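Peer 1: What follows is a protein structure lacking sequence information:
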C-alpha cells in the first residue's frame, strides 16, 4: 500500500458507492480526505462519522455540479 501520510485527497461523490470505497482506501493509506456530496445528506454524515471513528481528518462538502 502506498503511504499517503501528510497528504490530502479530494474525492467527488465520496459519500457512497465507488466514491466511498476511494475515501476508505485513501484514508487507510494515511491521507486526510475531503469529499463532495449532493443529494444524500445522511450518507455524508454517516461517512464522516465512520472517518472520525477511524481517527481520520476529513471534510464533507455539498456540491451541485448540475448547472456547471
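Peer 2: Yep, it's here. Just so it is clear, the model here is predicted, and its values are computed rather than measured. Numbers count the residues shown, from 1 in each chain.

Peer 1: quick one, helices of the chain?
Peer 2: 17-28, 41-53 (DSSP state H).

Peer 1: Against residue 31, how distant is residue 9?
Peer 2: 4 Å (CB to CB, to the nearest Å). Where C-beta positions appear, they are placed from N, C-alpha and C, glycine not excepted.

Peer 1: ugh, wrong one, residue 64
Peer 2: 25 Å.

Peer 1: and those two? which has more neighbours close in?
Peer 2: Set side by side, residue 64 and residue 31 show more neighbours around residue 31, with 23 against 10, by other CB atoms under 10 Å.

Peer 1: Quick one: neighbours of the residue lying closest to that one once chain neighbours are set aside, just the number.
Peer 2: Residue nearest to residue 31 in three dimensions, not counting chain neighbours: residue 4, with 3.9 Å by CB to CB, 6 or more residues apart in numbering. Counted by other CB under 10 Å, the residues lying close to residue 4 total 17.

Peer 1: Please read off the pLDDT at residue 4 from the model.
Peer 2: Looking at residue 4, its pLDDT stands at 97.
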